[in-house]
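A.B. asks: Sequence plus predicted model, see below.
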Amino acid sequence: MNDDILAGIRNGSRDAFKQFFDTYENYAIRTAKAITRNDEDAKDAVQEAFIRVYRNISTYNSALSFDAWFYRILVNECYRIITKEKKNTPVDTSTIENNAQLTEHSKENLSDLYSMIQNMADLYRIPILLKYIKGFSEKEIATILELNQNTVKSRLFNGRNLLKTQLELLEMEGSQ
Amino acid sequence: MNHLDDRVRKEILDSTEDTPSTLKDDIWNHIDQELFQTKGRRKKRVKKKSKVIPIVIAAAAGLMILFSSQTETGSAFIKQIKDLFVPEKEIIQSIEGNEEETNVNLQEGKDSEYIIYIDEERYKLVNGKDSDIITTKEPLEERYPKVSMEIKQFKDITPEEMVSTLETELAAEYTKITTETVTEPVNGYKLHGISGSEWDSPVTNVYVVDNLNGGSFVITEKYFLEAAEGHGARFYAMLQEFEIIE
């Protein structure tokens, strides 16, 4: 984040905030769409995240990564919306670490890689989305998700292995 | 694994790129409306109250003294001043991007020269000889650096003199120092000192507030980098409730 833009936002400048929005909206929308799996929910999450940034900019510590701070707010908004939506849907029981049932692939048509990712438990899905959409490092993902860095490392490793196995199975089925 | 990484990245980016151009505009219009088009009205609504007890309240306190019993003492006067503030209230603070409702309790500072509301679920106020210290209710593990907020009054040092002295002191302790004037969480100066960018790098924020009597209140927050959005944000919220009693 450019220091001038940050200073402008701190001073309440609409122009500075618009510059910030133009710079961050694309990947913010992509991330929110991927996490919420719903365009309308993504729109709500992105709007609210930007508004929260403006209202809470005084609490941002410039010694920390701005991107990690912003994405923590965005991911929290996505979680809030997902949680609200889940009140009307069955509880996801696959979010327990080391659960053998890591995906719900038997219920879904996993014809492509994106569907496979989107059917993984949030435990693995969210770190993977953050890593591949915005290119966040393990340390940054740990900051965003408020997890230990080793936990993130392990979840990314297991998530990628899971994808790899599923892809191999899919390709074997395709070749038969 | 690199091939898989490239494939995953491409799949995710391809699957999330078909954002209608109107979506971006819709989002910006909503944000613009919420933050900037209604700003005047909003600002008025959240206008910050005076940081000093209004004269009318002080006068009310005086009247209370006048009409109360003849055996009133100084401490009773203080009690009545204190009674003008609700003993407990709920504040909404922003912790790591989430709004959190927190109950805070009224506490008097040293010699009853200020009041502050404390999140007593997590912190305690310790009245010391020269200053008051707000610190965690439960002691932190040894691996964590100190977390505290000290409030001290310097009756004969103006805020400007105080800032100059503090800048020198902080420069001896930290590699990066910044000074700015602020209106939140208090009206005054903010000095920020930090060294390093590790999770446990110590951080100091010092707020210097005019005591309106030729001196200064110096509020020193100490925590560590990873706690900036936890303890740091909670200190910030408590400090918004800081009021000087003239």
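C.D. replies: Great, that's in hand. Numbering: from 1, shown residues only, chains lettered A, B, ... in the order given.
A.B. asks: what's the helix or strand for the nearest residue to B:Val218 once chain neighbours are set aside?
C.D. replies: Nearest residue to B:Val218 in three dimensions, chain neighbours excluded: B:Lys152, at 5.1 Å (Cβ to Cβ, 6 or more residues apart in numbering or on different chains). Just so you know, the C-beta spots here come from the backbone N, C-alpha and C atoms, and that holds for glycine as well. Per DSSP states H and E, B:Lys152 falls inside strand B:148-154.
A.B. asks: neighbouring contacts of that strand?
C.D. replies: For strand B:148-154, contacts defined as Cβ atoms under 8 Å, 6 or more residues apart in numbering or on different chains pick out B:109-110, B:113-114, B:116, B:130-136, B:162, B:211, B:215-222, B:235, B:238-239, B:242.
A.B. asks: from these, which would you call buried?
C.D. replies: For the contacts of strand B:148-154, a neighbour count by 16 or more other Cβ atoms under 10 Å in any protein chain shown gives the buried set as B:109-110, B:113-114, B:116, B:131-136, B:162, B:211, B:215-222, B:235, B:238-239, B:242.
A.B. asks: From the residues you listed, which land in helices?
C.D. replies: B:Met162, B:Phe235, B:Met238, B:Leu239 (DSSP state H).
A.B. asks: ok now do the last one, which residues does it touch?
C.D. replies: If you count contacts by Cβ under 8 Å, 6+ apart, B:Leu239 has them with B:Ile116, B:Met149, B:Pro185, B:Val186, B:Tyr207, B:Ile219.
A.B. asks: What's the local residue count around the closest residue to B:Pro202 other than its chain neighbours?
C.D. replies: Leaving out its chain neighbours, the residue that sits closest to B:Pro202 by Cβ to Cβ, 6+ apart is B:Pro145, at 5.0 Å. Using other Cβ atoms under 10 Å in any protein chain shown, B:Pro145 has 16 neighbouring residues.
A.B. asks: Could you check how far B:Pro145 is from B:His192?
C.D. replies: Using Cβ to Cβ, to the nearest Å, we find B:Pro145 at a distance of 16 Å from B:His192.
A.B. asks: Quick check: phi and psi on the residue in chain A that chain B sits nearest to?
C.D. replies: Going by Cβ to the nearest Cβ, chain B is nearest to A:Ile73 of chain A, at 3.5 Å. When read as degrees, to the nearest 10, the backbone of A:Ile73 gives phi -60, psi -40.
A.B. asks: from what I can see it touches A:Arg55, true?
C.D. replies: No: taking contacts as Cβ atoms under 8 Å, A:Ile73 lies outside contact range of A:Arg55: 10.5 Å.
A.B. asks: Give me the more crowded residue out of these two.
C.D. replies: Using other Cβ under 10 Å, the more surrounded residue of A:Ile73 and A:Arg55 is A:Ile73, with 25 against 15.
A.B. asks: Listing request: residues of chain A with sub-threshold pLDDT.
C.D. replies: Applying pLDDT under 70 to chain A picks out residues A:85-111, A:174-176.
A.B. asks: Pull the distance from the top helix by length along it to the chain's centre.
C.D. replies: Ranked by residue count, the top helix of chain A under DSSP H comes out as helix A:149-175. Taking Cα atoms, centre = their mean, to the nearest Å, the mean C-alpha location of helix A:149-175 is offset from the chain mean by 18 Å.
A.B. asks: do stretch B:101-111 as well
C.D. replies: On Cα atoms, centre = their mean, the centre of stretch B:101-111 falls 13 Å from the chain's centre.
A.B. asks: Check stretch A:46-64 too.
C.D. replies: 17 Å.
A.B. asks: Show the contacting residues for A:Thr23.
C.D. replies: A:Ile5.
A.B. asks: Could you pull up phi and psi at it?
C.D. replies: phi -80, psi -40.
A.B. asks: According to the record, where do the domains of chain B fall?
C.D. replies: B:2-45, B:85-244 (automatic domain parsing).
A.B. asks: Please identify which of these is closest to A:Ala34.
C.D. replies: domain B:2-45 (5.3 Å; Cβ to Cβ).
A.B. asks: Helices along the chain, start to end?
C.D. replies: Using chain A. Under the criterion DSSP H, chain A contains helices at A:3-10, A:14-36, A:39-56, A:66-86, A:113-118, A:122-134, A:138-145, A:149-175.
A.B. asks: wrong one, I was asking about chain B
C.D. replies: Under the criterion DSSP H, helices of chain B are mapped to B:2-15, B:21-32, B:39-45, B:55-67, B:74-83, B:159-173, B:233-239.
A.B. asks: The second one packs against which elements?
C.D. replies: In terms of contacts (3 or more Cβ pairs under 8 Å, 6 or more residues apart in numbering or on different chains; DSSP states H and E), helix B:21-32 is packed against helix A:14-36, helix A:39-56.
A.B. asks: With A:Ile133 as the reference, name the closest of those helices.
C.D. replies: helix A:14-36 (5.3 Å).
A.B. asks: how big is the angle separating the closest one from helix A:122-134?
C.D. replies: The directions of helix A:14-36 and helix A:122-134 differ by 140 degrees, with axes from the mean of the first three to the mean of the last three Cα atoms, to 10 degrees as the criterion.
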